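Colleague: predicted coordinates and the sequence they were generated for:
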Amino acid sequence: MTQVLFDYTRQDAQGDSCTAHAWAKVPAPLNPSQRQALKARAAELLRQHNAVLVAHYYVDGDLQDLALETGGIVSDSLEMARFGRDHAAQTLVVAGVRFMGESAKILSPEKRVLMPDLDATCSLDLGCPADEFAAFCNAHPDRQVVVYANTSAAVKARADWMVTSSCALEIVADLHAKGQKILWAPDRHLGRYIQEQTGADMLMWNGACIVHDEFKGLELDLLLEQHPGAMVLVHPESPKSVVDKADVVGSTSALIKAVVEGTAQEYIVATDNGILHRMRQLAPGKTLIEAPTAGNSATCKSCAHCPWMAMNGLQNLVDCLEQGLGEIHIEEAIRVEALGCIDRMLDFTAALKVRQAQAQAPVPAAGSLVPGIGAA
Ligand code: SF4
């Protein structure tokens, strides 16, 4: 069951593309000595401020390297949220987009959460305004409200569950098995994929990611003719025509794992091309090919790179630490409401990990001892 409701705003009041403001704020490329100097300065500031850098796979490679070199993390949004919550640092610097900074603040209200540019947003977040969403939920009180991480704190405050692409399938499958009907928001492609996989009764919002929405199934067919042995890795925010050709569909972490563990030499990657930096580091001998979008001569707004992720740079990272800029603030009542759906997801994924570990553990031989329990 699908209901079309709200898409992201494709133009601003002046008629400019929704991404024009973001592209205009993307930092200019730096030369090697500038990069080195800024990285050293940022590392020093992180240390001085008892801060840790929490970066997403889609941001600039220098920021990813800096995070790893200074004891931070490069990860998907689920791991970013967990890492920030559990780390002892008093300041979290989130290199990613705004909903990631908000999630960090929701989970760690006692910590200062900074971002290099607070204007870094997401078309999924933009396309799901809290008031319209609340009205949609109110009209369907019989459904569990499941929202993707890429939403504002106010939208999460209205939800029963938050999910990321790492755990969405498992959580919806579990709710479906318990007989629950679902109201899903905001990504229509991820929602459709989960609906197909689980058979759940899902009523859907009509959002999309401007990066993944532009991958093209027909062009992918043509590319595969040139690379018949390539493995196709697809993020589920992509359209069905692309997902249907995938060898692996999964979160950013799952796609990286597929490259590292895969036996193929070539990989066609349908997600933001910022991920290639980490893939190249972890699988240096493999050939990585960007999946086709509309192409350079056409009208793609992102061409496989998110302009909001690209707004994060070394200079604005240094500025935010030096000047305390870009701090995330969330109204306490909204934060507390939003915390419930994130905690529910974290509890679910922690329990799932335990179940998976138990399922993989070797079965003790008959008559042997299980520590703390006695004879099995
Ligand atoms: S890549 Fe897509 S989903 Fe991710 S932040 Fe950018 S617009 Fe949002």
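Modeller: The structure has been received and is ready for your questions. Note that the structure is predicted; figures quoted are calculated from it, not measured.

Colleague: can you get me a residue count around the closest residue to the ligand within the stretch 151-300 of the chain?
Modeller: Using Cβ to the nearest ligand atom, the single residue of the stretch 151-300 of the chain nearest to the ligand is Cys209, 3.2 Å away. No exception for glycine: its C-beta is placed from N, CA and C like everyone else's. Applying other Cβ atoms under 10 Å, we find 26 residues neighbouring Cys209.

Colleague: within the helices and strands, which one has Pro228?
Modeller: Following DSSP states H and E, one finds Pro228 outside all helices and strands.

Colleague: can you tell me the SS state at Ile330?
Modeller: coil (DSSP: H, G, I helix; E, B strand; the rest coil).

Colleague: name the helices or strands packed onto the one helix or strand Val260 maps to?
Modeller: Per DSSP H and E, Val260 falls inside helix 252-261. Here helix 252-261 touches strand 231-234, strand 248-249, strand 266-270, helix 276-282, going by 3 or more Cβ pairs under 8 Å, 6 or more residues apart in numbering; DSSP states H and E.

Colleague: show me the contacts for the residue of the stretch 151-300 of the chain closest to the ligand.
Modeller: 122-124, 150, 187, 189, 237, 306 (Cβ atoms under 8 Å, 6 or more residues apart in numbering).

Colleague: okay if I get the helices and strands packed on helix 252-261 as a markdown table plus mean neighbour count and mean pLDDT?
Modeller: Shown next, in a markdown table, are the helices and strands packed on helix 252-261 (neighbours: other Cβ atoms under 10 Å; pLDDT from 0 to 100):
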| stretch | mean neighbour count | mean pLDDT |
| --- | --- | --- |
| strand 231-234 | 24 | 98 |
| strand 248-249 | 20 | 98 |
| strand 266-270 | 23 | 97 |
| helix 276-282 | 18 | 98 |
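
Colleague: which bits of this protein sit near the ligand?
Modeller: For the chain, the residues in contact with the ligand (Cβ under 6 Å from any ligand atom) are 58, 97, 122-124, 150, 209-211, 272, 306, 308-309.

Colleague: repeat that with 5 Å
Modeller: The interface of the chain toward the ligand, taken as Cβ under 5 Å from any ligand atom, is made up of 97, 122-123, 209, 211, 272, 306.

Colleague: could I get those residues as JSON lines with pLDDT and secondary structure?
Modeller: Below are the residues of the chain next to the ligand laid out as JSON lines (pLDDT from 0 to 100; DSSP: H, G, I helix; E, B strand; the rest coil):
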{"residue": "Val97", "pLDDT": "97", "secondary structure": "coil"}
{"residue": "Cys122", "pLDDT": "94", "secondary structure": "coil"}
{"residue": "Ser123", "pLDDT": "93", "secondary structure": "helix"}
{"residue": "Cys209", "pLDDT": "94", "secondary structure": "coil"}
{"residue": "Val211", "pLDDT": "93", "secondary structure": "coil"}
{"residue": "Asp272", "pLDDT": "97", "secondary structure": "coil"}
{"residue": "Cys306", "pLDDT": "95", "secondary structure": "coil"}
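
Colleague: show me which of those are buried.
Modeller: 97, 122-123, 209, 211, 272, 306 (16 or more other Cβ atoms under 10 Å).

Colleague: just to revisit the earlier point, give the buried residues for the helix holding Val260.
Modeller: Result for helix 252-261 [16+ other Cβ under 10 Å]: buried residues 252-256, 258-259.

Colleague: wait, doesn't Gly72 sit right on His56?
Modeller: No: counting by Cβ atoms under 8 Å, Gly72 stays clear of His56, with 11.5 Å between them.

Colleague: any chance you could map the strands in the stretch 251-376 of the chain?
Modeller: For the stretch 251-376 of the chain, the strands defined by DSSP state E, counting those that start in this stretch cover 266-270, 287-290, 369-370, 374-375.
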